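Peer 1: Kindly generate the corresponding structure for this input.
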Amino acid sequence: MRAVASSRFVRWIITYKAVKGFSELLFAGMLGYLLWYGAVPWLAGTLKALRDHLVGAGSLRLADLLLSDGLHRHARLVFWALLADGSFNLAEGWCLLRRYSWGEWFVVLSSGVFLPFELAALLRGVHAGRAIVALLNLAIIAGLARRIRARSRTGL
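Peer 2: Just a heads-up that it's a prediction; the model follows:
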């Protein structure tokens, strides 16, 4: 029974990483389209309207950066960041899906790197979306770390 539950947990992580990765790649594609066709002024107005609804610490910081001077240059930076992060999330999910022996460690370390920034953003201002993202990452880290620890105890 425990093996079934833990494999459900890993499938949930794979799904989460896939949805997040494909979403970021979709947004990168849309932003690339806007940049290509010179619609950056429209993007600035949209960002001003949506800024208060952003949930991630990184997203909020990026919105502030985009709304500052040099929007076109920063939009290109965000395009490349979305492209890289989306690809990275898909790679994490792929490692878990393929059951690579190092895949769980890879996800624990890569998710844990950004956790201090997410917690710092929560301390600056608690928002439901930010709290959910931080809790999701904490659950992923704790659950996979527990799986790794249990496997090392049994010698598998």
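Peer 1: lowest average confidence, helix or strand, in this protein?
Peer 2: Lowest mean confidence among the helices and strands of the chain (mean pLDDT, DSSP states H and E): helix 57-67, at a mean of 63.
Peer 1: Give me the helices and strands touching the helix or strand following that one, please.
Peer 2: Using DSSP states H and E, the next helix or strand after helix 57-67 towards the C-terminus is helix 71-97. The helices and strands touching helix 71-97, judged by 3 or more Cβ pairs under 8 Å, 6 or more residues apart in numbering; DSSP states H and E, are helix 2-36, helix 40-50, helix 57-67, helix 103-113. Every C-beta, even on glycine, is put in place using the N, C-alpha and C of the backbone.
Peer 1: residues of helix 71-97 that come out buried?
Peer 2: 71, 74-75, 78-79, 82-83, 85-86, 89-93, 95-97 (16 or more other Cβ atoms under 10 Å).
Peer 1: if we can go back for a sec, generate a markdown table for the helices and strands packed on helix 71-97, with mean neighbour count and distance to Arg153 as supplementary columns.
Peer 2: Below are these laid out as a markdown table (neighbours: other Cβ atoms under 10 Å; distance: least, Cβ to Cβ, whole Å):
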| stretch | mean neighbour count | distance to Arg153 |
| --- | --- | --- |
| helix 2-36 | 15 | 13 |
| helix 40-50 | 13 | 47 |
| helix 57-67 | 17 | 35 |
| helix 103-113 | 17 | 15 |
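Peer 1: okay if I get those helices as TSV plus distance to Leu135?
Peer 2: Putting those into TSV (distance: least, Cβ to Cβ, whole Å) gives the following:
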stretch	distance to Leu135
helix 2-36	12
helix 40-50	23
helix 57-67	14
helix 103-113	12
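Peer 1: Which of those helices comes out lowest on mean pLDDT?
Peer 2: Ranked by mean pLDDT, the helices and strands packed on helix 71-97 end with helix 57-67 at the bottom, a mean of 63.
Peer 1: Look up how far Thr154 lies from the most centrally placed residue in the chain.
Peer 2: Taking Cα atoms, centre = their mean, the centroid of the chain lies closest to Lys20, which sits 6.2 Å from it. In this view, Lys20 and Thr154 are 31 Å apart by Cβ to Cβ, to the nearest Å.
Peer 1: just Arg130 next, same as before
Peer 2: 37 Å.
Peer 1: Kindly report the same for Val78.
Peer 2: Val78 is 44 Å from Thr154, by Cβ to Cβ.
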